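1. I'll drop the sequence and a predicted model, then ask my questions.
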Amino acid sequence: MMRILAISDKINLPRLVAAAKSLNPKELVVITSAEANVPADKLIIAKLGDGLNECWVKLVEEQLDGYDLTMMPSTRNFKEIAARIAARKEIPYLSEVLDVRLEEGIVVSRMIFSGRGIEVLKTQLPAILTLNLDPYEPLEGQPSSVEELEFNCSPQVKLLERREKEAEVDLTKAEVIVSVGRGLKKKEDLDIIRELASLLGAEVACTRPISADFKWLPEERHVGMTGVRVKPKVYLALGISGQIQHVVGFRDAETVVAVNIDPEAPISEVSDYMIVGDLYEVVPKLIEEIKRRKS
Amino acid sequence: MDIVACVKLVYDETQIPLSGDQLLIEEAPVKISDMDKNALEEAVRIKEEKGGTVTVVLVVTGPFDETILKEALAMGADRALIIEGDELVGHNPFRTAQAIAKAIKEKGIGYDLILCGEGSSDQYSCAMPAMLAEMLSLPVATFVGSMEVGEDNVIVERYLEGGFERLEIPLPAIISVTSEVNEPRIPTVIQIMRAGKKEKINVSASELNLSYPQVELVEIKALIKERKREKLEGDPSEVAKKIADILAEKGVI
């Protein structure tokens, strides 16, 4: 029977606890930075000053001994923290884990090659994992005990500023997504895309070039390997060629409808319906058709 | 300023052929891992502005292709340190980081700054830079989307899921960069040809006494999502009606 240490920020904690509980640990201890309502045997609220990664690393390093498994969410911060602790402790670390099972050590699966494949890896305990928490439902409940922990840390790195993104949207919750790629010729043309989206009650999303290179849309609307992974009922892909770094982002969409001028574009292989046509002709007609049906 | 840029060569994941549920990985061409190119580009830009040297460090954990290595050197690096050996093959960021840490010590490669990509195009563990920092006892900033190098420090902006974090880090340090940090240059054919003459230092893994936690690869499978893959053709009004039908069927309109 295992002892598990779960370390998380506030947002990811209820789903991380669900992941930890699914392994039926004998004991589950949670370290987080704020009060939380999760069914752990012990909840440790760490007071970490600026909460820099360096301080998390030092804190967890001190707490880790005696646990079989240490679990964290696969966020960018925790991927750094987990890797650093694994290096200090010289124990195995596996990242972005999709699925974990116990079997003389642990067996995990994780995505590779931008989502083209899954690899199954096996290693011994103790180990550290960062998990992709999408498959887990948040778990709430009373911790059996709560403890506060003051942790003094003088980091080498100095925090100058933190800025939150103007979080206007959470694409992971969108039911319908209208997404554009490089088939869109200029920023102003987003107007018709937005009109279509608003008729459908959809969110607008894009491929990486549209957000990162052209900056026509904010990064939080970028669907893909290094962007957001979405699971809408309908994903409407307009002028998107279908590069795999993008495709992995909408893998879990129920239905994918693509409009692309090139019948051979790779998007045709990964969509349910591929409309061969120019989005500049099809989208206005689609807007007309939807308006007609709504009236 | 002396800069080390860590580079991984990988099979181009966009060109891996499929056979049933198997990926024919070794049939794909080799490339420089995408974000390692950004790291190398950033290293060369800093050198161009401030002087110094750029050393490309390459751990051969999978494929190796001399031409691709030349391409990396042609981007503006001065020399390459190549670490090879059977025991390095496979997914083990701890082992890769240890090989780099030990090899640059062994060969006396000096550095003020070590740059890496945020993660590799094949495994995307994002672990190696942070582990290397621990092994060299250096401060680290990961997922850096913009950076400004000063005399004895570097100001970075980390790109995180919910926002940005600006940090000041004393040099020497390790930075892992995201693709937003720059647009990598494409070397000319002449630059690639000339790069063949640049210094190459070879290190065998067996010289390094590596010791690391073992991770065993059980299997690799293709990740296939079944789609209907129906092609709809017709004039714009016709196909618009068909799309509307699909949307209605899904309860969207």
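-> Happy to help now that I have it. On a predicted model such as this, the values are computed, not experimentally measured, just so you know.

2. what segments of chain B are helices?
-> For chain B, applying DSSP state H gives helices covering B:34-50, B:66-74, B:93-106, B:128-135, B:189-195, B:236-249.

3. now, of those helices, which is deepest in the fold?
-> helix B:128-135 (a mean of 26; mean count of other CB atoms under 10 Å in any protein chain shown). (Glycine included, C-beta is placed from N, CA and C.)

4. can I see the domain layout of chain A?
-> A:3-150, A:171-294 (automatic domain parsing).

5. what is the mean pLDDT for stretch B:37-55?
-> In this model, stretch B:37-55 has a mean pLDDT of 98.

6. do stretch B:131-147 as well
-> Looking at stretch B:131-147 alone, the average pLDDT works out to 98.

7. is chain A within reach of that stretch?
-> Yes. Stretch B:131-147 lies in contact with chain A when judged by CB under 8 Å from any CB of the partner chain; the contacting residues are B:131, B:133-135, B:139-143.

8. pick out the most distant pair among those.
-> Of all pairs drawn from these, the widest gap by CB to CB lies between B:135 and B:143 and measures 19.6 Å.

9. just checking, what packs against the helix or strand where residue A:45 lies?
-> For residue A:45, the element it lies in under DSSP states H and E is strand A:42-47. Helices and strands in packing contact with strand A:42-47 are listed as strand A:27-32, strand A:146-150; criterion 3 or more CB pairs under 8 Å, 6 or more residues apart in numbering or on different chains; DSSP states H and E.

10. next, the buried residues of it.
-> Taking 16 or more other CB atoms under 10 Å in any protein chain shown as the basis for neighbour counts, the residues of strand A:42-47 that come out buried are A:43-46.

11. point out the most buried one among the helices and strands packed on strand A:42-47.
-> Comparing those by mean neighbour count (mean count of other CB under 10 Å), strand A:27-32 comes out on top with a mean of 22.

12. just checking, what packs against that one?
-> Contacting strand A:27-32 under the criterion 3+ CB pairs under 8 Å, 6+ apart are the following elements: strand A:3-7, helix A:13-21, strand A:42-47, helix A:53-63.

13. now tabulate the ones you listed in JSON lines and tack on distance to residue B:234 and mean pLDDT.
-> Formatted as JSON lines, the entries for those read as follows, by distance: least, CB to CB, whole Å; pLDDT from 0 to 100:
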{"stretch": "strand A:3-7", "distance to residue B:234": "54", "mean pLDDT": "98"}
{"stretch": "helix A:13-21", "distance to residue B:234": "45", "mean pLDDT": "97"}
{"stretch": "strand A:42-47", "distance to residue B:234": "60", "mean pLDDT": "97"}
{"stretch": "helix A:53-63", "distance to residue B:234": "55", "mean pLDDT": "96"}
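
14. out of those, nearest to residue B:223?
-> Taking CB to CB as the criterion, residue B:223 comes closest to helix A:13-21 out of the helices and strands packed on strand A:27-32, the separation being 20.5 Å.

15. which strands and helices sit next to that closest one?
-> In this structure, helix A:13-21 packs against strand A:3-7, strand A:27-32, strand A:69-73, with contacts taken as 3+ CB pairs under 8 Å, 6+ apart.

16. can you give me how far the second one is from the chain middle?
-> It stands for strand A:27-32. With CA atoms, centre = their mean, to the nearest Å as the basis, the distance from the averaged C-alpha position of strand A:27-32 to the chain average is 22 Å.

17. do the first one as well
-> The offset between the C-alpha centroid of strand A:3-7 and the centroid of the whole chain comes to 21 Å, using CA atoms, centre = their mean.

18. what strands line up against that strand, and which way round?
-> Strand A:3-7 pairs in its sheet with strand A:27-32 (parallel), strand A:69-73 (parallel), by DSSP bridges.

19. tilt between the last one and helix A:53-63?
-> The reference is to strand A:69-73. Calculated by axes from the mean of the first three to the mean of the last three CA atoms, to 10 degrees, strand A:69-73 forms an angle of 160 degrees with helix A:53-63.

20. does residue B:155 touch residue B:148 like I think?
-> Yes. Proximity of residue B:155 to residue B:148 meets the contact threshold set by CB atoms under 8 Å, at 4.7 Å.

21. quick one: strands adjacent to the strand holding residue A:45?
-> Applying DSSP bridges to the sheet, strand A:42-47 is found paired with strand A:27-32 (parallel), strand A:146-150 (parallel).

22. nearest to residue B:251, of those?
-> It's strand A:27-32; of these, that one is closest to residue B:251 (CB to CB) at 38.9 Å.

23. so for the closest one, what's the average pLDDT?
-> What strand A:27-32 shows for mean pLDDT is 98.

24. and the angle from that strand to helix A:13-21?
-> Using the same axes, to 10 degrees, the interaxial angle of strand A:27-32 with respect to helix A:13-21 works out to 160 degrees.

25. of the helices and strands packed on strand A:27-32, which is nearest residue B:86?
-> Distance to residue B:86, taken as CB to CB, is lowest for helix A:53-63 among those, at 32.5 Å.

26. and chain B, is that closest one touching that?
-> Yes. Applying CB under 8 Å from any CB, one finds helix A:53-63 touching chain B at A:53-54.

27. against which helices or strands is that helix packed?
-> If contacts are counted by 3+ CB pairs under 8 Å, 6+ apart, helix A:53-63 sits against strand A:3-7, strand A:27-32, helix A:76-89.

28. and for residue A:25, the neighbour number?
-> Residue A:25 sits with 22 neighbouring residues when counted by other CB atoms under 10 Å in any protein chain shown.

29. specify the local secondary structure of it.
-> The three-state assignment at residue A:25 reads coil, by DSSP: H, G, I helix; E, B strand; the rest coil.

30. how about it: what's its closest non-neighbour residue?
-> residue A:4 (4.2 Å; CB to CB, 6 or more residues apart in numbering or on different chains).

31. ok, now which ones touch the one you found?
-> In this structure, residue A:4 makes contact with A:20, A:23, A:25, A:27-29, A:67-71, judged by CB atoms under 8 Å, 6 or more residues apart in numbering or on different chains.

32. where's the residue nearest to residue B:149 when sequence neighbours are not counted relative to chain A, distance?
-> Excluding the flanking residues, the one nearest residue B:149 by CB to CB, 6+ apart is residue B:46, at 5.5 Å. Computed as CB to the nearest CB, to the nearest Å, the residue B:46 to chain A distance reads 19 Å.

33. residues contacting residue B:121?
-> Applying CB under 8 Å, 6+ apart as the definition, the contact partners of residue B:121 turn out to be A:113-114, B:10, B:12-13, B:31, B:33-35.
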